[in-house]
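> quick check, what structure comes out for this input:
(chains A and B)
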There are 2 protein chains.
Amino acid sequence: MGGRRDEIVAAAAKVFQEKGYHQSTTEDIASEVGMLKGSLYYYIDKKEDLLYAVVEPPVRRMVLDLQEIIAMPCPAGEKLARLVVAHLETFDAHHPHIFVYLQELSQGRVLGPGPGAGAELGRLGRQYRELVAAIIAEGMRQGEFRADLDPQVAALGILGMCNWMHTWYRPMGRMNSHDIAGTFVAILLSGLRQNGSIS
Amino acid sequence: MGGRRDEIVAAAAKVFQEKGYHQSTTEDIASEVGMLKGSLYYYIDKKEDLLYAVVEPPVRRMVLDLQEIIAMPCPAGEKLARLVVAHLETFDAHHPHIFVYLQELSQGRVLGPGPGAGAELGRLGRQYRELVAAIIAEGMRQGEFRADLDPQVAALGILGMCNWMHTWYRPMGRMNSHDIAGTFVAILLSGLRQNGSIS
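Sure thing, here's the model as predicted:
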């Protein structure tokens, strides 16, 4: 049953990304996977379960990856660089699943404080943001990062830079995620200004 | 008729932000403004017109503001700082209208290459992005900014940092847009690293 269910989840991710979660019907998903709508309900109870099955694994993976990066014995700057690279790699490895998450998050839906699955996704999202802020705070404590900024706002800015990519980035497109990560890391760590520029 | 229509557009902005454009009905909007659904159609033809009326003015305003900033006789770094401040001020001045734009943009809807209103919004969005990239390219040409980055990718990163705020920022909340703009500008121009830090 695992294989068939995986196919359904992959089909749901594709349909959700193209049409948006709310405009997608279980009929669309059944048609994408090539089965009758009635047969689909043998594998799932309701459309909401599919949304959770699509977005929860990559989001949980991202939290685990970031915990691993934080535990590494290296400077905060390197941790931040690894975070951005890992974050953007997710857009290739878990496409379109992770984009469905960001798209629905933009609608304030998945991450609402609701009960059950939505609450768990909300918890993971907050945990991820806290981990990013923790890297920045660590860099400040160690004198590596400037200490005059709010780590929470900085973390939200970094996440915005990365997450907004769901509106313009497509895997295998003109730009690859590694080059983009390099540009973002350069700006975040050293800024756009030339070294020594005082203007 | 202007005043009544303005009320309807403001009500539509509120409803669209809360429920999402697709889940909102003209009935919801009529009820928000306190009129009968039938009367609403005296002022508008269809729901899509209301979306355009909600998001087009602030987006056009942002493009005009940015053109004014670009024309100023000051260094690119100051233009970039002014851009971020102006961009974030829009989130206060045109709330929730501009958040409806960003929310629906995240769904790939408003800015599709479709005909009519959608195409015009798409043109404004691309123009804005090009203007941001132009400021960065100008700074590079003048030796003020580092020249080893792609101005387009940098522009998309900056816009992401700002635009993602629609998922977490609320006017009159704990953080104000001026403080947030200050943090973003500091990171974008000078980076998180301490001056002189080589780690």
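
> so who does the residue nearest to A:L131 when sequence neighbours are not counted touch?
Using CB to CB, 6 or more residues apart in numbering or on different chains and skipping the chain neighbours, the partner closest in space to A:L131 is A:L66 (4.7 Å). Every residue, glycine included, has its C-beta placed from N, CA and C. By CB atoms under 8 Å, 6 or more residues apart in numbering or on different chains, the contact set of A:L66 is A:L83, A:A86, A:Y128, A:L131, A:V132.

> what's the burial count for the third one?
The local packing count at A:Y128 equals 21, with neighbours defined by other CB atoms under 10 Å in any protein chain shown.

> for it, what are its contacts?
A:V59, A:M62, A:V63, A:L66, A:L159.

> from the residues you listed, which land in helices?
When DSSP state H is applied, those are split such that A:V59, A:M62, A:V63, A:L66, A:L159 fall in helices.

> immediately after the worst-scoring helix or strand of chain A on mean pLDDT, which helix or strand?
When the helices and strands of chain A are scored by mean pLDDT, DSSP states H and E, helix A:97-106 comes last with a mean of 88. The C-terminal neighbour of helix A:97-106 among helices and strands, as given by DSSP states H and E, is helix A:117-141.

> on that earlier part again, and the ones in helices among the contacts of A:Y128, which is closest to chain B?
The closest of the ones in helices among the contacts of A:Y128 to chain B turns out to be A:L159 (CB to the nearest CB; 6.7 Å).

> OK, contacts around that closest one?
Applying CB under 8 Å, 6+ apart, the residues near A:L159 are A:Y128, A:R129, A:V132, B:W164.

> domain-wise, how is chain A divided?
Domain assignment for chain A, taken from automatic domain parsing, gives A:1-44, A:53-190.

> need the winner for burial among these.
When the domains of chain A are scored by mean count of other CB atoms under 10 Å in any protein chain shown, the highest mean neighbour count falls to domain A:53-190 (a mean of 19).

> what's the first-to-last distance across that domain?
39 Å (CA to CA, to the nearest Å).

> before we move on, what about stretch A:142-160?
Termini of stretch A:142-160 sit 25 Å apart (CA to CA).

> where's A:A81 relative to chain B, distance?
11 Å (CB to the nearest CB, to the nearest Å).

> A:L131 too?
Taking CB to the nearest CB, one finds A:L131 at 16 Å from chain B.

> quick check: that residue touching A:D65?
No. Using CB atoms under 8 Å as the test, A:L131 is too far from A:D65 to be in contact (9.9 Å).

> the most centrally placed residue in chain A: what's it in contact with?
Geometric centre of chain A, nearest residue: A:I98, 5.3 Å, by CA atoms, centre = their mean. Contact analysis of A:I98 by CB under 8 Å, 6+ apart lists A:V55, A:P58, A:V59, A:M62, A:T90, A:F91, A:H166.

> tell me the one among the residues you listed nearest to chain B.
Taking these together and measuring to chain B by CB to the nearest CB, the closest member is A:H166, at 7.2 Å.

> just to check, the closest one is in contact with A:L88?
No. Applying CB under 8 Å, one finds A:H166 not in contact with A:L88, separated by 11.1 Å.

> so who does A:A117 touch?
Counting by CB under 8 Å, 6+ apart, A:A117 makes contact with A:E48, A:D49, A:L51, A:Y52, A:E56.

> ChimeraX command for the buried members of those?
In ChimeraX, a selection of the buried entries from the contacts of A:A117 looks like this (16 or more other CB atoms under 10 Å in any protein chain shown):
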select /A:51,52,56
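
> now render the contacts of A:A117 as a markdown table, adding pLDDT.
What follows is those, written out as a markdown table (pLDDT from 0 to 100):
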| residue | pLDDT |
| --- | --- |
| A:E48 | 88 |
| A:D49 | 89 |
| A:L51 | 91 |
| A:Y52 | 91 |
| A:E56 | 93 |
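
> which of the contacts of A:A117 fall in helices?
Using DSSP H, the contacts of A:A117 in helices are A:E48, A:D49, A:L51, A:Y52, A:E56.

> near chain B, which of the residues you listed show up?
Among these, no residue sits close to chain B (CB under 8 Å from any CB of the partner chain).

> could I get those as TSV with distance to B:K79?
Below are those laid out as TSV (distance: CB to CB, whole Å):
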residue	distance to B:K79
A:E48	46
A:D49	49
A:L51	42
A:Y52	44
A:E56	42
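
> closest to B:A30 among the residues you listed?
Lowest distance from B:A30 to the ones in helices among the contacts of A:A117 (CB to CB) belongs to A:E48, with 29.3 Å.

> who are the contact partners of the closest one?
Counted by CB under 8 Å, 6+ apart, A:E48 has contacts A:A117.

> for the one 4 residues further on, same thing?
Remark: with contacts taken as CB under 8 Å, 6+ apart, A:Y52 is in contact with A:A117, A:L121.

> from A:L121, how far off is it?
Between A:Y52 and A:L121 the distance, using CB to CB, to the nearest Å, works out to 7 Å.

> closest to B:H22 out of the contacts of A:L159?
B:W164 (21.2 Å).

> chain neighbours aside, what residue packs nearest to the closest one?
B:W164's closest residue in space is A:G160 (CB to CB, 6+ apart), at 2.8 Å.

> ok, now how distant is the one you found from A:H178?
According to CB to CB, A:G160 and A:H178 sit 20 Å apart.

> where does chain A have low pLDDT?
By pLDDT under 70, the low-scoring segments of chain A are A:1, A:108-116, A:196-199.

> apply 80 and report the result again.
A:1-2, A:106-118, A:195-199 (pLDDT under 80).

> who touches the host helix or strand of A:E18?
Using DSSP H and E, A:E18 maps to helix A:2-19. Contact partners of helix A:2-19, identified using CB under 8 Å, 6+ apart, comprise A:24, A:28-29, A:32-33, A:40, A:43-44, A:50-51, A:53-54, A:96-97, A:99-100, A:103-104.

> at 6 Å instead, please
If you take CB atoms under 6 Å, 6 or more residues apart in numbering or on different chains as the criterion, helix A:2-19 is touched by A:24, A:28-29, A:32-33, A:43, A:50, A:53-54, A:96-97, A:99-100.
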